[in-house]
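1. Fold the following.
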Amino acid sequence: MGSEILNAMQISAQGMRVQGTRIRVLSENVANADTTGDTPGADPYNRQIISFKNEMDRELGFKAVRVDQISTDRKTPFPVKFIPDHPAANAEGYVKMPNVNSMIEMMDVREAQRSYEANLGMIEQSRSMVSRTIDMLR
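-> Here you go, the predicted structure:
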């Protein structure tokens, strides 16, 4: 029973770790939602995307979630905004804006936060079970 509880705690801790990384990536996106290029035609900040994978942890003997990669969003186009006096404005006065939708990023942050909290809850439950087991053995 003890190793199962420890495994559950380790799986939850790994889940918290990847959700923490996800929150950091999403926060960078929100922080750079208005970061444009410096010269006409220059690309602005490009949204970052995080992906996960299940990977066998041979040391622990179970599959754990890991960050697969953090990449740039190449599919979502950069919107343009008419700002003729901006240094990055093209000849027509349009500036490429980041492909970041702050509302979507914030919803993703909330989802990641809930996942983080769910994993934390599992660790707290496991810890409580271990504590009750120790109390029963006394």
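2. Contacts only, for residue 116.
-> For residue 116, the contacting residues are 15-16, 19-20, 23, by C-beta atoms under 8 Å, 6 or more residues apart in numbering. Any C-beta I mention is one placed from the backbone N, CA and C, and that applies to glycine too.
3. Now name the helix or strand holding the spatially most central residue of the chain.
-> When C-alpha atoms, centre = their mean is applied to the chain, the residue found nearest the centroid is residue 22 (1.2 Å). Using DSSP states H and E, residue 22 sits in helix 2-31.
4. what's that helix packed up against?
-> Packing partners of helix 2-31 (3 or more C-beta pairs under 8 Å, 6 or more residues apart in numbering; DSSP states H and E): strand 48-57, strand 62-72, helix 102-137.
5. average pLDDT across stretch 59-71?
-> Mean pLDDT, computed over stretch 59-71, is 86.
6. is it possible to export the contacts of residue 116 to TSV including pLDDT, distance to residue 76 and neighbour count?
-> Shown next, in TSV, are the contacts of residue 116 (pLDDT from 0 to 100; distance: C-beta to C-beta, whole Å; neighbours: other C-beta atoms under 10 Å):
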residue	pLDDT	distance to residue 76	neighbour count
15	92	27	20
16	94	28	18
19	96	23	23
20	96	24	13
23	97	20	19
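7. Out of the residues you listed, which two sit at the greatest distance?
-> 15 and 23 (12.6 Å; C-beta to C-beta).
8. I'd like to know how far the residue nearest to the centre of the chain sits from residue 7.
-> Distance of residue 22 to residue 7, given as C-beta to C-beta, to the nearest Å: 23 Å.
9. same question, residue 104
-> 34 Å.
10. ok, these two, which is more surrounded?
-> residue 7 (16 against 13; other C-beta atoms under 10 Å).
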